[in-house]
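K.L.:
predicted structure and sequence below. I'll ask about it afterward.
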Amino acid sequence: MNKAALDLVREDAAAVLNGRVPSLEALKGAQFSLTGGTGFLGTWLLELIARLNEEHGFGIRVWSLSRGAKAFALKWPHLASQPWLRLVEGDIRYLAELPRETQYLVHAAALTDRRICASNPSLVGEVNTVGAMRVLRAANLLEDLRKAVFLSSGLAVGRQAWELQAIDENHSGPVRCDRAESVYAESKRMAEVLAQCAISEWKAPLVTLRPFAFVGPYQSLELPWAVTDFMRDSLRGGPIRIMGDGATVRSILYAADFAYAVLAVLANGKSLATYHVGSDEAVDLLSLARLIAGHFTPMPEIRTGLGQAGHERTRLVPSIQRLRNELGFAPRFTVAAALERSLEWHRMMERG
């Protein structure tokens with residue numbers, strides 16, 4: 001990563017930690033185990049830990065399991081070379097044990113790519129459920145486990161009614177279990193049930209987080225999400241292509257804010273609780289495309305109405321009131337700021 005892009009990441013990590021470091025004191029000197037730590041969100045978690053260690057003397061140590069550990073070490077050596085980080089190449093479906101000294105656990109490994117959901121849905125189901133079971137069984141062997149955070153998905157709660165502005169942790173909408181395309185949501189729902197089994201059987205000190213949609217540095221623009229599609233289209237000169245009429249509504253949280261939320265939950269979240277983590281700032285896809293296009297001169301064309309006739313409008317926006325009330329969490333970056341920082345980082349990376 002070039003210096004300008006790295007400075008941007010460090011500035012944003014500092015921004016979300018500013019004034020909040022004392023609330024994370026419980027994590028000082030701790031041993032973390034992290035699955036999926038080389039993914040987009042896991043990488044941001046490592047960036048915040050790096051800032052806590054280097055600037056605030058936290059002394060956190062991290063053991064990180066990932067199928068992409070070797071590639072990560074080559075691509076992001078500024079993190080991979082840290083003495084407090086141990087990268088391990090492996091597949092969570094075959095995990096047998098975690099480091100015995102583990103005190104805090106974050107299970108973030110999963111298959112989330114919609115292209116894999118379409119081409120090999122049974123693999124998605126296997127990784128997301130068998131992997132969760134393996135991690136839980138390994139966690140049961142730990143002697144000093146203080147808190148475990150399991151990352152589920154906002155999709156696990158089922159469909160959000162169009163007229164419902166935001167959904168809280170008690171929401172339960174319909175999920176079509178007779179379609180292969182439901183495998184991601186259903187596998188995450190099953191992983192949550194397995195987590196509840198661990199709580200019931202051995203009193204696991206476990207917290208479930210349901211992430212929604214995110215944007216930020218380290219996010220691949222080849223992923224098939226609306227925000228990555230729109231940024232990629234714009235960086236290539238356009239046009240921006242929107243499925244349907246652009247009325248579909250989503251919320252997007254900056255990745256640095258998400259990483260801080262995970263640390264806050266590890267330090268102070270209530271065991272056995274479930275929290276929605278995301279932005280409660282709703283934005284429809286047409287407005288999202290216009291926000292992104294506004295960062296380019298000339299502005300790329302925006303085309304709507306693509307895809308199959310009668311493309312269905314959907315809404316997926318979380319209520320983060322529980323996270324706000326119990327842990328004082330509020331995003332430091334607006335949607336507009338998150339997009340601006342993300343585009344700036346990608347431009348810096350392109351320039352080399």
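P.N.:
Nice, I can see it.
K.L.:
host element of Ala71?
P.N.:
Assigned by DSSP states H and E, Ala71 belongs to helix 69-75.
K.L.:
mind listing what's buried in that helix?
P.N.:
Across helix 69-75, burial judged by 16 or more other CB atoms under 10 Å covers 69, 72-73. Where C-beta positions appear, they are placed from N, C-alpha and C, glycine not excepted.
K.L.:
helices and strands around the next helix or strand after it, which ones?
P.N.:
For helix 69-75, the following helix or strand on the C-terminal side (DSSP H and E) is helix 77-80. Under the contact criterion of 3 or more CB pairs under 8 Å, 6 or more residues apart in numbering; DSSP states H and E, helix 77-80 touches helix 40-56, helix 69-75.
K.L.:
packed most tightly, which of the ones you listed would that be?
P.N.:
Greatest average neighbour count among these goes to helix 40-56 (a mean of 21), per mean count of other CB atoms under 10 Å.
K.L.:
and it, C-alpha only, in CSV?
P.N.:
The C-alpha coordinates for helix 40-56 follow below in CSV (Å, rounded to 0.1, in the frame of the first residue of the first chain):
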residue,chain,number,x,y,z
PHE,A,40,-12.4,-6.8,4.4
LEU,A,41,-13.9,-6.3,7.9
GLY,A,42,-11.3,-8.4,9.6
THR,A,43,-8.5,-6.3,8.1
TRP,A,44,-10.1,-3.2,9.6
LEU,A,45,-10.2,-4.8,13.0
LEU,A,46,-6.5,-5.4,12.7
GLU,A,47,-6.0,-1.8,11.8
LEU,A,48,-7.7,-0.6,14.9
ILE,A,49,-5.8,-3.0,17.1
ALA,A,50,-2.6,-1.7,15.5
ARG,A,51,-3.5,1.8,16.5
LEU,A,52,-4.3,0.7,20.0
ASN,A,53,-1.0,-1.2,20.4
GLU,A,54,1.2,1.4,18.8
GLU,A,55,-0.3,4.6,20.1
HIS,A,56,-2.0,3.5,23.4
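K.L.:
quick one: distance of it to the chain centre.
P.N.:
Centre-to-centre, helix 40-56 and its host chain are 14 Å apart (CA atoms, centre = their mean, to the nearest Å).
K.L.:
quick one: low-confidence parts of the stretch 251-352 of the chain?
P.N.:
307-311 (pLDDT under 70).
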